[in-house]
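S.K.: no letters, just coordinates:
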């Protein structure tokens, strides 16, 4: 069978080569690059928000402050090996996606966070550059922390084509939660988003990247991880965040950022036009997988759209 497939491939290549020569419009297939490992964040910290320079309001904002291999994912870290095994000679994958498109997905966790217009600045930068991103929203931020400004910026994000997925309601570590808590966190988190946008939530990012098999079995949504961790949650340094993205960016990547830091908003404002200048399409996670012909399925985890890395345990 393997010999027959190889023979058929050679015949197909020959036919395509002859057709291209006759038409004068042959295309070369772009090579598929290997995907480096990510370093999922796993711990939470507390941030303090201020309404102005003299009045402080304590607001619990879940944000990672450490990085380890994701023990809840069977000891696997994000990333993995990309494979071009499904690429055809015509520049499309066997699933019908495109291999010659430079598309990438920026993702932002833990918002909306509208103090000092952090999420607002990111959405404005996307709109200014005709770009899109995916925001993994904490329901508590919508309903309790920023009940007025939060929904407003979410609606604007949706209006320019951005995607909003759930990051649970209160950023619980699902790997250590009971079945009842997992169910409540997901349902309540989705409802907070759907009440604002009127759109059904179709994606989830588990807090801290933690989603062991028993968690995935209970959640009827695709789990979106990442293959590039900007470490913005650790450095809170715009220069470093921009540097990491530009050095590691590649077609099909999912980039992890957090829209709760001013430095991350600054980094987004700088890196969005630069990525576009380099020929990247900045799309939502769902669009990214559609472009590369990959189907997102519930109860599975995904780290990038080119390597199709799916960790099930």
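M.R.: Alright, I've got the coordinates. Just so you know, these numbers come straight off a predicted model, no measurement behind them.
S.K.: give me the residue ranges of the stretch 201-313 of the chain where confidence is low.
M.R.: 308-313 (pLDDT under 70).
S.K.: cutoff 90 now
M.R.: Within the stretch 201-313 of the chain, the stretches with pLDDT under 90 are 306-313.
S.K.: quick one, helices of it?
M.R.: For the stretch 201-313 of the chain, applying DSSP state H, counting those that start in this stretch gives helices covering 213-218, 232-235, 238-248, 262-277, 285-291.
S.K.: ok so residue 106 is a strand residue?
M.R.: Yes: looking at residue 106 with DSSP: H, G, I helix; E, B strand; the rest coil, it is inside a strand.
S.K.: can you get me a residue count around residue 106?
M.R.: A count of nearby residues for residue 106, using other CB atoms under 10 Å, gives 30. For every residue, glycine as well, the C-beta is placed using N, CA and C.
S.K.: so it makes contact with residue 255?
M.R.: Yes: contact criterion CB atoms under 8 Å: residue 106 and residue 255 qualify, at 5.2 Å.
S.K.: circling back to that earlier point, mind putting the helices of the stretch 201-313 of the chain into a markdown table with distance to residue 131 and mean neighbour count?
M.R.: Below are these laid out as a markdown table (distance: least, CB to CB, whole Å; neighbours: other CB atoms under 10 Å):
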| stretch | distance to residue 131 | mean neighbour count |
| --- | --- | --- |
| helix 213-218 | 30 | 17 |
| helix 232-235 | 18 | 22 |
| helix 238-248 | 13 | 17 |
| helix 262-277 | 5 | 20 |
| helix 285-291 | 11 | 23 |
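S.K.: mind putting these in CSV, distance to residue 169 included?
M.R.: Converted to CSV, the helices of the stretch 201-313 of the chain look like this (distance: least, CB to CB, whole Å):
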stretch, distance to residue 169
helix 213-218, 15
helix 232-235, 20
helix 238-248, 27
helix 262-277, 22
helix 285-291, 20
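S.K.: and of these, who's closest to residue 196?
M.R.: Ranking those by their distance to residue 196 (criterion: CB to CB) puts helix 285-291 first, at 18.5 Å.
S.K.: out of the helices of the stretch 201-313 of the chain, nearest to residue 101?
M.R.: Per CB to CB, nearest to residue 101 of the helices of the stretch 201-313 of the chain: helix 285-291, 5.6 Å.
S.K.: the strands in the protein, which residues?
M.R.: Using DSSP state E, the strands of the chain run over 49-50, 56-57, 103-109, 134-137, 163-166, 223-224, 228-229, 254-258, 281-282, 301-302.
S.K.: which other residues reach the fifth one?
M.R.: If you take CB atoms under 8 Å, 6 or more residues apart in numbering as the criterion, strand 163-166 is touched by 132-137, 139, 154, 157-158, 186, 189-190, 193, 197, 199, 201-205, 221, 224, 284-287.
S.K.: out of those residues, which are buried?
M.R.: Among the contacts of strand 163-166, those scoring as buried are 132-137, 139, 154, 157-158, 186, 189-190, 193, 197, 201-205, 221, 224, 284-287 (criterion: 16 or more other CB atoms under 10 Å).
S.K.: is it true that residue 272 touches residue 124?
M.R.: No: Residue 272 lies out of contact with residue 124 (CB under 8 Å); the separation is 10.3 Å.
S.K.: residue 189 versus the nearest residue to residue 186 once chain neighbours are set aside, what's the distance?
M.R.: Nearest residue to residue 186, sequence neighbours excluded (CB to CB, 6 or more residues apart in numbering): residue 219, at 5.6 Å. According to CB to CB, to the nearest Å, residue 219 stands 11 Å off from residue 189.
S.K.: same question for residue 296.
M.R.: Taking CB to CB, one finds residue 296 at 18 Å from residue 189.
S.K.: same deal with residue 176?
M.R.: 17 Å.
S.K.: now swap in residue 236 and tell me
M.R.: Distance, residue 236 to residue 189, by CB to CB: 25 Å.
S.K.: please apply the same query to residue 250.
M.R.: With CB to CB as the criterion, residue 250 and residue 189 are 31 Å apart.
S.K.: try residue 183
M.R.: Residue 183 is 11 Å from residue 189, by CB to CB.
S.K.: next one: residue 203
M.R.: Residue 203 is 12 Å from residue 189, by CB to CB.
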